[in-house]
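Student: this is the structure alone, sequence omitted:
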């Protein structure tokens with residue numbers, strides 16, 4: 001007689017969530033596409049703008065603008081949750097420093113510099129200056145062998161250097177340090193047990209309500225006082241909302257019930273997300289609900305803020321949910337992309353800026369310019385990122401500075417001891 005033994009639940013840290021790998025690739029990929037769109041969307045300022053700009057592009061850009069970076073910070077929080085469970089001493093902070101601050105420094109000094117050069121050239125601030133001379137001033141001003149550059153682009157006080165699109169790295173590092181400092185409290189048995197009990201009993205409706213209310217409160221409290229700067233020290237609105245979703249990602253992966261519920265609720269999340277985005281478009285086009293219901297006139301402002309907060313969170317829930325349904329599997333393609341996408345993120349914006357700067361003259365007189373130029377810039381960016389990654393990954397002393405961490409592979413034999421973490 002066969003006796004069915006009860007299965008022991010798999011600890012969350014032993015569950016391989018392949019959807020996170022896909023989400024990381026897709027989130028960084030969307031960021032690259034978004035930055036390409038910034039060059040072509042009308043009325044939105046950016047480092048360089050094409051002569052071909054579209055107002056219609058504002059709507060897909062607005063769609064992802066609400067949640068793209070929040071999704072990335074949530075995924076980062078989930079990844080950090082796994083890492084801190086494995087090792088949470090100084091080894092963890094040193095690894096985070098190597099993975100985040102080294103690419104930030106090298107990227108700011110080397111990769112971002114061409115963006116600032118092009119921005120200054122396009123503004124007419126340095127008409128006769130070549131790139132090497134510009135780079136000498138860009139790097140050397142704080143050390144006495146360079147001069148302050150014209151204020152044609154944003155930079156840090158007392159320096160010509162800026163990190164542009166790499167701002168995500170110092171923000172993430174700060175959040176990692178904060179969670180590392182308070183993790184011993186979270187990891188106490190009494191606290192961990194209470195957290196598990198709460199996750200097991202939490203009504204699933206609160207997966208919608210609580211994050212939306214938190215994000216709404218952050219917006220009402222901080223949005224007007226602290227406009228977005230991406231300069232780290234005074235960007236309190238962004239810090240509050242990004243650290244909040246970082247903590248949500250950190251906690252979600254530790255509860256199998258909550259994480260799996262996102263997949264079960266994916267259709268509802270999508271329907272609500274579509275409805276909230278429709279409301280956003282209604283407001284952007286000048287609509288006012290009080291025109292149809294006068295009683296709403298006194299709450300129109302907070303209601304608008306609540307809808308914007310809901311839109312940002314509902315799309316995150318829908319995307320994670322459908323990733324669990326459709327993408328919760330491994331593949332050689334996603335493993336390759338997951339290893340390459342960080343390097344692509346570091347490189348991509350420079351290739352976009354250079355591509356528009358170099359290629360814009362070739363399409364000025366072409367009736368197909370509005371189609372050909374963005375296609376060529378996109379192709380140039382993808383090829384440049386691919387070639388950069390494929391070249392850099394073979395240079396041991398350089399690849400760490402571009403976020404490429406290749407683990408050596410081993411040949412498995414019958415006598416090989418395999419340790420699974």
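Tutor: All right, it came through fine. Here the structure is a predicted model, which is why all the values come from computation and not from measurement.
Student: checking the nearest residue to residue 260 once chain neighbours are set aside next. Helix, strand or coil?
Tutor: If the residues on either side of it in the chain are set aside, residue 260 comes closest to residue 324, at 7.2 Å by Cβ to Cβ, 6 or more residues apart in numbering. The C-beta positions use only the backbone N, C-alpha and C, and glycine is treated the same way. In three-state terms, and counting by DSSP: H, G, I helix; E, B strand; the rest coil, residue 324 is helix.
Student: residue 324: how many residues sit nearby?
Tutor: By other Cβ atoms under 10 Å, the residues close to residue 324 number 22.
Student: thinking it is in contact with residue 20, fair?
Tutor: No: taking Cβ atoms under 8 Å as the definition, residue 324 is not a contact partner of residue 20, at 9.7 Å.
Student: which residues does stretch 57-66 contact?
Tutor: Stretch 57-66 is contacted from outside by 30, 34, 37-38, 40-44, 277, 280-281, 284, 308, 311-312, 315, using Cβ atoms under 8 Å, 6 or more residues apart in numbering.
Student: can you flag which of those belong to helices?
Tutor: Among the contacts of stretch 57-66, DSSP state H puts 30, 34, 37, 38, 277, 280, 281, 284, 308, 311, 312, 315 in helices.
Student: next, format those residues as JSON lines and append neighbour count and distance to residue 139.
Tutor: Output for the ones in helices among the contacts of stretch 57-66, formatted as JSON lines (neighbours: other Cβ atoms under 10 Å; distance: Cβ to Cβ, whole Å):
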{"residue": "30", "neighbour count": "17", "distance to residue 139": "32"}
{"residue": "34", "neighbour count": "16", "distance to residue 139": "29"}
{"residue": "37", "neighbour count": "20", "distance to residue 139": "31"}
{"residue": "38", "neighbour count": "20", "distance to residue 139": "26"}
{"residue": "277", "neighbour count": "19", "distance to residue 139": "44"}
{"residue": "280", "neighbour count": "21", "distance to residue 139": "42"}
{"residue": "281", "neighbour count": "13", "distance to residue 139": "45"}
{"residue": "284", "neighbour count": "11", "distance to residue 139": "42"}
{"residue": "308", "neighbour count": "18", "distance to residue 139": "40"}
{"residue": "311", "neighbour count": "26", "distance to residue 139": "42"}
{"residue": "312", "neighbour count": "26", "distance to residue 139": "38"}
{"residue": "315", "neighbour count": "24", "distance to residue 139": "40"}
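Student: in TSV, list these along with pLDDT and distance to residue 175.
Tutor: TSV is the format used below for the ones in helices among the contacts of stretch 57-66 (pLDDT from 0 to 100; distance: Cβ to Cβ, whole Å):
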residue	pLDDT	distance to residue 175
30	98	21
34	98	21
37	98	27
38	98	25
277	98	27
280	96	27
281	96	32
284	94	30
308	96	23
311	97	23
312	96	18
315	98	21
